[in-house]
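[1] Take this sequence and fold it.
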Amino acid sequence: RIQILFEGKSIIHYVMDNFLKTVNELQDVFTTVGASPGIMKLPQIVVVGSQSTGKSSVLESIVKQNFLPRGSGIVTRRPLIIQIIQDVTAETPTASFLHSPDVQYTDFDEVAKEIIRNTDKVCGTSKAISHEPITVKVVSRDLPSLTLVDLPGITKNPVGDQPEDIEKQTTDLVLKYIENPHSIILAVSPGNIDIANSEAIKLAKQVDPTGDRTLAVVTKVDLMEKTKENLDVLQGKTLPMKLGIVGVINRNQNQIDKMIAVEESLELEKRYLRNAFGGISDEHGTPYLTQRLCSILMKHVRDCLPELTNRINEEKVHQQAILDTLGPEVTDHTMTLIKLIHAYCNAFSDNMSGNSTTGNSIAGGMRLREVFLKEIEEKLDSICLPQDISRTIETEVRRTSGTRPALFTPNRAFDNLARDIVLRFKAPVKRSIKRCVESIVDIIAAVGKDIFVRFPTLKREAHKQAMALLMSKQVEAEDFIDSYLKLEEAYINTNHRLFTISRLKIEEDNRDTDGKELSFESRNIKVIEGLLNLYIDIIRNQLMDVVPKAIMFYVIREFSDILHNHLLLNLATDGKPEELLVEDELIESKRKKAQQMVVALQQADVIASMF
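    Just a heads-up that it's a prediction; the model follows:
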């Protein structure tokens, strides 16, 4: 059949390489934003094995470079994402890290040193492990495009300063990656132990009991005795694996010490397998493992593509919604500030009118109505005559009568006592106004938090200006109430319609609670007390009407009418918009990360549609 080539590759391989490149970009973005590796369930090959099983040697043989740290105990203490990128134009293999993408390495010994440095930076110099991954990109013309994730070896017993639960920590980290149904599990087991007891195989079976995505690798094949039992292991008869079992030979310590090149060790591996296992040698060795991983990954990507495409689209919508919420970057500071002030004032007005519930469980207007009904009514209702009012009345009657006893109900005594009662309303009314203002302050803060979420300096300054204006309106409302109460104090209106209607009935009652007729003085005291109670009710009812109106006019209406111009005058002057619209660093970071995600997801969507 005719095979169409593009840039030296078949079309399907070219598209697959581009798709894997996009998957790598998605992985980079997720790593940068600190997202969980399972958020998109990206297809990748996860390398699993116990300590000293030869995982590092397998990976170095695939990459054909000595680039991984070596030593005793846990050497890999963070997930290492190895992105192999085939570039036919690359003259020499290079490596770079996601945390320092501008630094290109051609000396792979330096790559190992940088892995150690960055691991120590995050984990410290102890043997502690971290879930935060390191991403290294390897570009070569001779390597196929693959993504491999090397994980810390499963550790049974803590050594030195390792935590007591090191086995649980390493196991949990491995499970976190291999639980992804789109991951391929590369279960590495040494050939000098019974494969049935392999920790890697046991963990793989927990998440992949049918073995649909597990490829077993047996290392140190040269240490296996050439028996039928071991031949059965390599042929998959002892432990059948759907994706197969591949045997490889690790470089021994002597070869590493002599700095024998990886290419030379691969040639030694090929020669040994041919001599030792004859007919099955073509299905073992590192080159076959690399080829097998490529074909498995390609098929796996095709199989999981429909679900992955849906997740890409869902995540794209989610990230776009985040961008919409965060808003665009500011270019015209003055116009942006004017729009934000306008939105802020409108949001406050809408909240007060009941058209919005921004930042509150109920609308601001409803909250104020509750204050009117509860705070004002309760505080005004609390004003009543003191228990010893009879003695006070008697004293005042005698004081105002002078040298002669009163012949009629003494008006001067009533007026003086009524004035004192009027003044008693002043403090409760002011407390009511203060309580209403406190409710408005809560609404202002909530609206500012919502509208100015991106700009902490603007939020702070706008709140400061709004509060200054509100406090001035509170003073005006209190001054009005002071003036009103002075009017009430200046003229005790005994001609008030309600007062004249009830007065006659009070004055005609000249008997005590037992029905006995009262003396003239006792009658006067009783009448004045009744008239004072009547006058208190009249003043209370008038204040119940006047106080909410004063609050609505000064604290709400005038405040709302002036707020817009007040903020423009104090905030939108020369030089201030740029200072006020400095974005919260967290918002700026979130937008940048969401933009990176959207771009990567769009690329993934386009490439996925080619399949």
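
[2] Now do the longest helix along the chain: which elements does it pack against?
    For the chain, the helix with the greatest residue count under DSSP state H is helix 286-326. Under the contact criterion of 3 or more CB pairs under 8 Å, 6 or more residues apart in numbering; DSSP states H and E, helix 286-326 touches helix 11-33, helix 55-63, strand 146-150, strand 183-190, strand 214-219, strand 245-247, helix 262-277, helix 585-608. (C-beta placed from N, C-alpha, C; glycine too.)

[3] what packs against the third one?
    By that I understand strand 146-150. Strand 146-150 packs on helix 11-33, strand 44-48, helix 55-63, strand 80-86, helix 286-326, going by 3+ CB pairs under 8 Å, 6+ apart.

[4] mean confidence score for the longest helix of the chain?
    Computed over helix 286-326, the mean pLDDT rounds to 86.

[5] Between strand 146-150 and that helix, find me the angle.
    Calculated by axes from the mean of the first three to the mean of the last three CA atoms, to 10 degrees, helix 286-326 forms an angle of 90 degrees with strand 146-150.

[6] neighbours around the residue nearest to Leu289 when sequence neighbours are not counted, how many?
    Leaving out its chain neighbours, the residue that sits closest to Leu289 by CB to CB, 6 or more residues apart in numbering is Val246, at 4.6 Å. Neighbour count of Val246, defined by other CB atoms under 10 Å: 26.

[7] next one: Val149
    Val149: 23 neighbours (other CB under 10 Å).

[8] And for the one 5 residues further on?
    Using other CB under 10 Å, Ile154 is surrounded by 21 other residues.

[9] I'd say it and Thr171 touch.
    Yes. The criterion here is CB atoms under 8 Å, and Ile154 meets it with Thr171 at 6.2 Å.

[10] Overlap in contacts, these two.
    Common neighbours of Ile154 and Thr171, counting by CB atoms under 8 Å, 6 or more residues apart in numbering, are Leu203.

[11] about what we covered before: please compute how far the longest helix of the chain lies from its chain's middle.
    For helix 286-326, the separation from the chain centroid amounts to 25 Å (computed by CA atoms, centre = their mean, to the nearest Å).

[12] I'd like the average pLDDT over the helix or strand following it.
    Counting by DSSP states H and E, the element after helix 286-326 in chain order, helix or strand, is helix 333-353. Per-region confidence: helix 333-353 scores 90 on mean pLDDT.

[13] Can you name every helix or strand that helix 333-353 contacts?
    Contact partners of helix 333-353 among helices and strands, from 3+ CB pairs under 8 Å, 6+ apart: helix 364-371, helix 426-451, helix 456-490, helix 559-571, helix 576-580.

[14] Adding distance to Phe97 and mean pLDDT as columns, could you present those in JSON lines?
    Listed next are the helices and strands packed on helix 333-353 as JSON lines, based on distance: least, CB to CB, whole Å; pLDDT from 0 to 100:
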{"stretch": "helix 364-371", "distance to Phe97": "53", "mean pLDDT": "70"}
{"stretch": "helix 426-451", "distance to Phe97": "39", "mean pLDDT": "89"}
{"stretch": "helix 456-490", "distance to Phe97": "33", "mean pLDDT": "93"}
{"stretch": "helix 559-571", "distance to Phe97": "45", "mean pLDDT": "93"}
{"stretch": "helix 576-580", "distance to Phe97": "36", "mean pLDDT": "87"}
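
[15] quick one: low-confidence parts of the stretch 501-611 of the chain?
    The model of the stretch 501-611 of the chain has pLDDT under 70 over residues 507-510, 512-515, 519, 574, 607-611.

[16] do that again at 50, thanks
    Counting by pLDDT under 50, the stretch 501-611 of the chain contains no low-confidence segment.

[17] what do you get for the stretch 51-200 of the chain?
    Judged by pLDDT under 50, no stretch of the stretch 51-200 of the chain qualifies at all.

[18] So which residues of it form strands?
    For the stretch 51-200 of the chain, strands defined by DSSP state E, counting those that start in this stretch occupy the ranges 80-86, 94-97, 100-105, 134-140, 146-150, 183-190.

[19] Name the stretch among those strands that sits most buried.
    strand 183-190 (a mean of 26; mean count of other CB atoms under 10 Å).

[20] And the contacts of it?
    With contact meaning CB under 8 Å, 6+ apart, strand 183-190 is reached by 41, 43-49, 52-55, 58, 148-149, 177-178, 195, 198, 200-201, 203-204, 207-208, 213-220, 223, 243, 293, 296-297, 300.

[21] try it again with 6 Å
    For strand 183-190, contacts defined as CB atoms under 6 Å, 6 or more residues apart in numbering pick out 44-49, 53, 55, 178, 195, 198, 200-201, 204, 213-220, 296, 300.

[22] which phi and psi does Glu517 have?
    The phi/psi pair for Glu517 (degrees, to the nearest 10) reads phi -70, psi 140.

[23] can you pull the contacts of it?
    By CB under 6 Å, 6+ apart, the contact list for Glu517 reads Arg511.

[24] From Arg523, how far off is it?
    8 Å (CB to CB, to the nearest Å).

[25] tell me the contacts of the nearest residue to Arg591 once chain neighbours are set aside?
    Spatial nearest neighbour of Arg591, chain neighbours left out: Leu326 (4.7 Å); criterion: CB to CB, 6+ apart. Applying CB under 6 Å, 6+ apart, we find Leu326 in contact with 587, 590-591.

[26] roughly how far is stretch 48-65 from the heart of the chain?
    Taking CA atoms, centre = their mean, one finds the center of stretch 48-65 at 38 Å from the center of the full chain.

[27] which outside residues touch that stretch?
    The contact list for stretch 48-65, computed with CB under 6 Å, 6+ apart, reads 47, 66, 68, 108, 138, 150, 153-155, 174, 185, 187-188, 190, 199-200, 219-220, 250-251, 262, 286, 290.

[28] Span of it from start to end?
    In stretch 48-65, first residue to last residue: 20 Å (CA to CA, to the nearest Å).

[29] from what I can see Thr457 touches Glu578, true?
    No. If you go by CB atoms under 6 Å, Thr457 and Glu578 don't touch, sitting 10.4 Å apart.

[30] tell me, what's touching those two both at once?
    Joint contacts of Thr457 and Glu578 (CB under 6 Å, 6+ apart) do not exist.

[31] Neighbour count: these two, which is higher?
    More neighbours surround Thr457 than the other of Thr457 and Glu578, with 15 against 12 (other CB under 10 Å).

[32] Tell me which of the helices and strands packed on helix 286-326 lies nearest to Ser349.
    Of all those, helix 585-608 sits nearest to Ser349, with 26.0 Å by CB to CB.

[33] and the angle from the closest one to helix 456-490?
    Angle, helix 585-608 to helix 456-490, by the same axes, to 10 degrees: 130 degrees.

[34] Flag every buried residue along helix 585-608.
    By 16 or more other CB atoms under 10 Å, the buried positions in helix 585-608 come out as 587, 590-591, 593-598, 600-601, 603-604, 607-608.
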